[in-house]
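>>> Structure for the following, please:
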Amino acid sequence: MNMKPLADRVIVKPTPAEEKTKGGLIVPDTAKEKPVIGEVIAIGPGKITDDGKKITPEVRVGDKILYGKYSGTEVTVEGEEYLIMREADIFAIV
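As a prediction, this is how the structure comes out:
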């Protein structure tokens, strides 16, 4: 992947949705939940404040994160699906 996010944006690779329930039932595509856990693939240099100071991101490449169900913008690059979101949309590092 050859993408570099700008400012406080983060590129995330979502974890795949569950194919089976804990009881062994197969979940059809129409009933699958959107993933809310992913891995950070790339991060931007950080947000610039109004007075010109740079705020460095708290997440690092490789971190597993928890984010909002409908956060970010979905993009497909070289057949792989990614999310581009602001660091503020990330709830926690898992």
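
>>> how much space between residue 87 and residue 43?
Separation of residue 87 from residue 43 (C-beta to C-beta, to the nearest Å): 8 Å. (Each C-beta comes from the backbone N, C-alpha and C, glycine too.)

>>> likewise residue 22?
34 Å.

>>> Which residue of these two possesses the greater neighbour count?
Legend: neighbour count by other C-beta atoms under 10 Å for residue 22 and residue 43, higher for residue 43 (21 against 6).

>>> In this protein, what residue spans correspond to strands?
9-14, 37-43, 47-48, 54-55, 64-67, 73-77, 80-86, 90-93 (DSSP state E).

>>> avg pLDDT for the fifth one?
Same thing as strand 64-67. Averaged over strand 64-67, pLDDT sits at 96.

>>> Kindly export that strand (C-alpha atoms) in CSV.
Extracted in CSV, the C-alpha atoms of strand 64-67 (Å, rounded to 0.1, in the frame of the first residue of the first chain):
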residue,chain,number,x,y,z
LYS,A,64,-5.2,-2.8,17.5
ILE,A,65,-7.9,-0.2,18.0
LEU,A,66,-11.5,0.1,18.8
TYR,A,67,-13.5,2.6,16.8
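
>>> now for that strand, which elements pack on it?
If contacts are counted by 3 or more C-beta pairs under 8 Å, 6 or more residues apart in numbering; DSSP states H and E, strand 64-67 sits against strand 37-43, strand 90-93.
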